[in-house]
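Have a look at this prediction, sequence included:
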Amino acid sequence: MAVFAALRRSPSAVVRNPVLLVPILAVVVIQLPTVLLQSVTPILASVASLVVSLLFVAVVPFLQAGLLAMADEALDGPTSLATFVDGGKQHYVPVLVVYLAIVAVNAGIGV
């Protein structure tokens with residue numbers, strides 16, 4: 001039942017703190033050139049996709065840690081991008097280890 005309580009509180013937290021959407025929009029902007037290249041030059045899009053994927057292996061754990069810190073703070077009051085950066089720095093290594101473990105399991109299943 002904790003999930004239902006969290007789902008009730010989440011929309012109001014996002015409305016009170018629209019800054020929560022800034023890191024998500026940054027990820028969309030990073031991926032946008034790859035999506036646009038697919039219709040123009042598929043080979044170049046493949047190379048760009050590989051580069052972005054490698055970049056994401058390093059960046060996604062920081063984004064996840066920062067977003068979780070922001071979301072936690074937003075449930076109780078206002079939050080800021082400083083919380084995002086602090087949370088990303090503080091929890092980067094543990095989230096990276098788990099993220100790499102998930103990537104390894106997915107690669108093993110894929111093979």
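Structure's in. What do you need?

after the helix or strand hosting S10 comes which helix or strand?
Using DSSP states H and E, S10 sits in helix 2-16. Remark: after helix 2-16, the chain's next helix or strand is helix 21-40, criterion DSSP H and E.

Take the helix holding S10, keep the C-alpha atoms, and write them as CSV.
C-alpha atoms of helix 2-16 as CSV (Å, rounded to 0.1, in the frame of the first residue of the first chain):
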residue,chain,number,x,y,z
ALA,A,2,3.0,2.3,0.2
VAL,A,3,3.0,2.5,-3.6
PHE,A,4,-0.5,3.9,-3.5
ALA,A,5,0.5,6.5,-1.0
ALA,A,6,3.5,7.5,-3.1
LEU,A,7,1.4,7.7,-6.2
ARG,A,8,-1.0,10.1,-4.5
ARG,A,9,1.8,12.4,-3.3
SER,A,10,3.9,12.4,-6.5
PRO,A,11,1.7,14.6,-8.8
SER,A,12,1.5,17.3,-6.2
ALA,A,13,5.2,17.2,-5.6
VAL,A,14,5.9,17.7,-9.4
VAL,A,15,3.3,20.6,-9.5
ARG,A,16,5.0,22.3,-6.5
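
Pull the residues that contact that helix.
L20, L21, A71, A74, L75, P78 (Cβ atoms under 8 Å, 6 or more residues apart in numbering). (Glycine included, C-beta is placed from N, CA and C.)

Okay then, goodbye and thanks.
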